[in-house]
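Chemist: all I have is the shape, not the residue letters:
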């Protein structure tokens, strides 16, 4: 648990899933792909993530209310001379907290934790339909250096 003023960043628990999933679903893209009314698949995913030391699912709380989340994955690899990478996914800030600096704090923690875990590169993907998020990531120092591709299975 890391207190930041009145904010606390801590590992997510299964009890946080309703709030986390609600934030994942709280935009046009998320509303089409998330199911806040059926937490079963999220519980299954959490059961796989939680014991894995390379997975860091965190929540930001204020007064015990979950107001932000992200997942940091540590990826050992061979390319770039065996560089360990950190992948940031599922970044969400509660609608009432956007513009307060919470997203910056989440990223500050993620980059620091990535370094602590031995990563030399932090990467993320962002849907092409999220220009506001892209501006935010660039403001934090991320560069749009690659084009991403996905294949639905």
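Modeler: Structure's in. What do you need? Please read these numbers as outputs of a predicted model, since none were measured by experiment.

Chemist: for this structure, name the helix or strand with the lowest mean pLDDT.
Modeler: Within the chain, no helix or strand scores below strand 2-4, which has a mean of 60 by mean pLDDT, DSSP states H and E.

Chemist: ok, then the element right after it?
Modeler: As assigned by DSSP states H and E, the chain's next helix or strand after strand 2-4 is strand 7-11.

Chemist: tell me the confidence at the spatially closest residue to residue 63 that is not a sequence neighbour?
Modeler: Leaving out its chain neighbours, the residue that sits closest to residue 63 by CB to CB, 6 or more residues apart in numbering is residue 6, at 7.6 Å. For the C-beta atoms, the positions are set from N, CA and C on the backbone; glycine is no exception. pLDDT, residue 6: 82.

Chemist: can you check residue 122 too?
Modeler: pLDDT for residue 122: 97.

Chemist: tell me where this protein has strands.
Modeler: Along the chain, the stretches classed as strands by DSSP state E are 2-4, 7-11, 55-62, 65-75, 85-93, 121-124.
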